[in-house]
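Enquirer: quick one: sequence plus predicted model below, questions after.
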Amino acid sequence: MFNVVGLNEFVGTANSELHCWLCQKPVSTRALFCHHCGTIQPVRDIDHFARLGLERRIDIDMELLERQYAALGRTLDPQRFIIRGMGERSHAAKQLESLNEAYDVLREPLRRGRYWLTLHEKEFDEASAANPVVTELRHELEKAAEPCHCDRVAQKAGQALQEGIMGLMQALRGQNWQQANATLVELDGLESILGDVRSRRTQLMPKKEAKAGISGVE
């Protein structure tokens, strides 16, 4: 049973190599606050999972992630440090910034997948050959003559994106790094197409309105 992390869990066992910047007593790597003087600590080099008090797993309990993020966000609320010294305010702001970055990465499957590869020291290699699904959809988008054609491309790309994310998670669970890299390339292409659909649709809308005789001037 998972529990929301408390402040004491971010004190932990002291690390003899790390010391509080204020009182110089040993502190743990994960410590937000020194358990001797209570001063907030500088941002340490820990992974995003540890920063949010989560087990390092590719599959995340999203409700737990939200609870951890909310609890730590309240702890690092700038209003709590408004009467503190410049050093503590600076450390608190950077801790909050690192917390937000960790949260943003872990809550998005694609960003989490890339981060997971980085944690396992696997390089993300761009595929030299074009992905056939992406190539077909891009060709279809280029031929689109009506906004509804763009909508169909977006629907296909969105469906392929959802299927690709499931495939990515499966590849990462099985540590099939080559397949994970190939899937990420496909997903990047699909996201790019979804962005291009909006631009293409905007280009086509004025032409359709002109043919219909629509005018904004009365």
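Expert: All right, it came through fine.

Enquirer: helix or strand next in line after the lowest-mean-pLDDT helix or strand in the chain, which one?
Expert: Lowest by mean pLDDT, DSSP states H and E among the helices and strands of the chain is strand 15-19, with a mean of 80. Following strand 15-19 in sequence order, the next helix or strand is strand 26-27 (DSSP states H and E).

Enquirer: so what strands line up beside that following strand?
Expert: Using DSSP bridges, the strands paired with strand 26-27 are strand 15-19 (antiparallel).

Enquirer: domain parsing for the chain?
Expert: 7-107, 132-211 (automatic domain parsing).

Enquirer: wait, which of the ones you listed is closest to residue 121?
Expert: domain 132-211 (10.1 Å; C-beta to C-beta). Just so you know, the C-beta spots here come from the backbone N, C-alpha and C atoms, and that holds for glycine as well.

Enquirer: pLDDT on that closest one, on average?
Expert: Mean per-residue pLDDT for domain 132-211: 90.

Enquirer: cool, stretch 87-106 as well?
Expert: pLDDT averaged over stretch 87-106 gives 97.

Enquirer: what ranges does the protein have for its helices?
Expert: 48-51, 62-75, 86-107, 109-119, 132-142, 147-173, 177-211 (DSSP state H).

Enquirer: ok, back up a step: can you redo the domains of the chain as JSON lines with distance to residue 122 and mean neighbour count?
Expert: Output for those, formatted as JSON lines (distance: least, C-beta to C-beta, whole Å; neighbours: other C-beta atoms under 10 Å):
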{"stretch": "domain 7-107", "distance to residue 122": "13", "mean neighbour count": "16"}
{"stretch": "domain 132-211", "distance to residue 122": "5", "mean neighbour count": "16"}
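
Enquirer: want to throw these into CSV with distance to residue 115?
Expert: What follows is these, written out as CSV (distance: least, C-beta to C-beta, whole Å):
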stretch, distance to residue 115
domain 7-107, 5
domain 132-211, 11
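
Enquirer: tell me which of those domains sits nearest to residue 114.
Expert: Per C-beta to C-beta, nearest to residue 114 of these: domain 132-211, 6.6 Å.

Enquirer: what's near enough to touch the most centrally placed residue in the chain?
Expert: Nearest to the mean C-alpha position of the chain, by C-alpha atoms, centre = their mean, lies residue 105 at 2.2 Å. Residue 105 sits next to 48, 111-112, 115 when contact means C-beta atoms under 8 Å, 6 or more residues apart in numbering.

Enquirer: just residue 201 next, same as before
Expert: Residue 201 neighbours (C-beta under 8 Å, 6+ apart): 147, 150-151.

Enquirer: swap the cut-off to 6 Å and go again
Expert: 147, 150 (C-beta atoms under 6 Å, 6 or more residues apart in numbering).

Enquirer: reformat the helices of the chain as CSV; add distance to residue 23.
Expert: What follows is the helices of the chain, written out as CSV (distance: least, C-beta to C-beta, whole Å):
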stretch, distance to residue 23
helix 48-51, 23
helix 62-75, 20
helix 86-107, 13
helix 109-119, 33
helix 132-142, 56
helix 147-173, 42
helix 177-211, 44
